[in-house]
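Visitor: sequence plus the predicted model coming up.
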Amino acid sequence: MSVFTPVPEPALAEWLQDYAIGRLVALKGISAGVQNSNFFVTTTLGRYVLTLFEGMTRAELPYYLHLMAHLSRHGLPVPGPIANRHNEYLGTLQERPAALVMRLSGASEMNPGPGHCAKVGAMLAGLHLAGLSYGRRQDNPRGPAWRSETARAVHDFLPADERRLLDAEIAFQATVDLARLPAGAIHADLFRDNVLWETGDDDEAHIGGVIDFYFAGFDTLLFDVAVTVNDWCSTPDGRLDPARSAALLAAYHAERPFTADEADAWPAMLRAAALRFWLSRAADFHLPRSGELVLVKNPDEYRDILRLRITNVPPLPR
Ligand SMILES: Nc1ncnc2c1ncn2[C@@H]1O[C@H](COP(=O)(O)OP(=O)(O)O)[C@@H](O)[C@H]1O
Ligand SMILES: N[C@@H](CCOP(=O)(O)O)C(=O)O
């Protein structure tokens, strides 16, 4: 359940007077999601999603909201935020920072085929290309510094073999030269549950929307590709499915060709992306934040993906 802060209808109706989107018709809490309180809002003029930001600072939110506006303006299927009558995206509701975005149509596809993966690859390349002209910069909140800090925090909770894996991976990642890799605004959490599809069939599938930009930041573009491939193209035991990964990478490469430095760095990036989600899931599992309802996803899945990416990775298309 993801409504941490309830919103009474009269409070929302009054808050909406600050917007030009008509009057409140319906309000419904959204049960998916783990970070913030989300609601579907219907007004006399349209359908929106209201987010009350839980535990994020007001200062970091404009980066995400303006990035969504920027990408939407560039034609990507990203929910545009709604400005209020003071021309601000960010307001305050129930003492929380709050924003409205357009509600996009579609539903997640948790069993994607190569056709879905090709569309996601092309869309991710478009997102990266459009992001290059985004003027704001905020570092990936789950980048190298966070990884080292989180590795220290979870280390002593892990069994000996996992500690060895973690120590070796942190040491290995410190040797990777990121300076020559193209970098820009990345989504950083483009998992299957963050893409909405308007139709479900593999080759006919059409992306209705990409949501949940609240882990976005400045980082290497290849890291984002690796996060996406690890989720969209893994078999249940964590191996890369050859047809899905080839489809995603070829479609990305057709829009933004991979560089020679990226081809060299690909195995290391898949490992970095696996490490990032192993660490966040292990931290949620071993160090739950008090008072928060956090859906804990299985850390072992990403531990296994990391192990598998160390030994066996097909090359990037060139
Ligand atoms: N713009 C949107 N259009 C349609 N549905 C949305 C939109 N934003 C969020 N949702 C719905 O809300 C759910 C939770 O959103 P999400 O951003 O993943 O929450 P959290 O940040 O708490 O993880 C999604 O699974 C989706 O069903
Ligand atoms: N994709 C992450 C969890 C992030 O949660 P979200 O609901 O905000 O996408 C994972 O699988 O560990």
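Guide: That came through fine. Ligands and ions are numbered 1, 2, ... in the order given.

Visitor: show me where the protein has strands.
Guide: Secondary structure of the chain, counting by DSSP state E: strands at 24-29, 37-43, 47-52, 91-93, 96-102, 183-186, 195-199, 206-210, 217-220.

Visitor: distance to ligand 1 added to the ones you listed, as a markdown table?
Guide: (Each C-beta comes from the backbone N, C-alpha and C, glycine too.) Below are the strands of the chain laid out as a markdown table (distance: least, C-beta to the nearest ligand atom, whole Å):
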| stretch | distance to ligand 1 |
| --- | --- |
| strand 24-29 | 10 |
| strand 37-43 | 5 |
| strand 47-52 | 4 |
| strand 91-93 | 16 |
| strand 96-102 | 5 |
| strand 183-186 | 16 |
| strand 195-199 | 6 |
| strand 206-210 | 6 |
| strand 217-220 | 15 |
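
Visitor: I'd like those strands as JSON lines, with mean neighbour count appended.
Guide: Below are the strands of the chain laid out as JSON lines (neighbours: other C-beta atoms under 10 Å):
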{"stretch": "strand 24-29", "mean neighbour count": "14"}
{"stretch": "strand 37-43", "mean neighbour count": "19"}
{"stretch": "strand 47-52", "mean neighbour count": "21"}
{"stretch": "strand 91-93", "mean neighbour count": "17"}
{"stretch": "strand 96-102", "mean neighbour count": "22"}
{"stretch": "strand 183-186", "mean neighbour count": "23"}
{"stretch": "strand 195-199", "mean neighbour count": "19"}
{"stretch": "strand 206-210", "mean neighbour count": "18"}
{"stretch": "strand 217-220", "mean neighbour count": "22"}
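
Visitor: what would the ones you listed look like in CSV with distance to residue 75 and mean pLDDT?
Guide: Compiled in CSV, the strands of the chain are given as follows (distance: least, C-beta to C-beta, whole Å; pLDDT from 0 to 100):
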stretch, distance to residue 75, mean pLDDT
strand 24-29, 29, 97
strand 37-43, 25, 96
strand 47-52, 20, 97
strand 91-93, 27, 97
strand 96-102, 14, 97
strand 183-186, 16, 98
strand 195-199, 16, 93
strand 206-210, 12, 95
strand 217-220, 22, 98
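
Visitor: can you put those strands in CSV and add distance to residue 141?
Guide: CSV is the format used below for those (distance: least, C-beta to C-beta, whole Å):
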stretch, distance to residue 141
strand 24-29, 26
strand 37-43, 20
strand 47-52, 17
strand 91-93, 22
strand 96-102, 16
strand 183-186, 11
strand 195-199, 21
strand 206-210, 18
strand 217-220, 6
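
Visitor: residue of the stretch 101-250 of the chain nearest ligand 2, please.
Guide: residue 191 (4.2 Å; C-beta to the nearest ligand atom).
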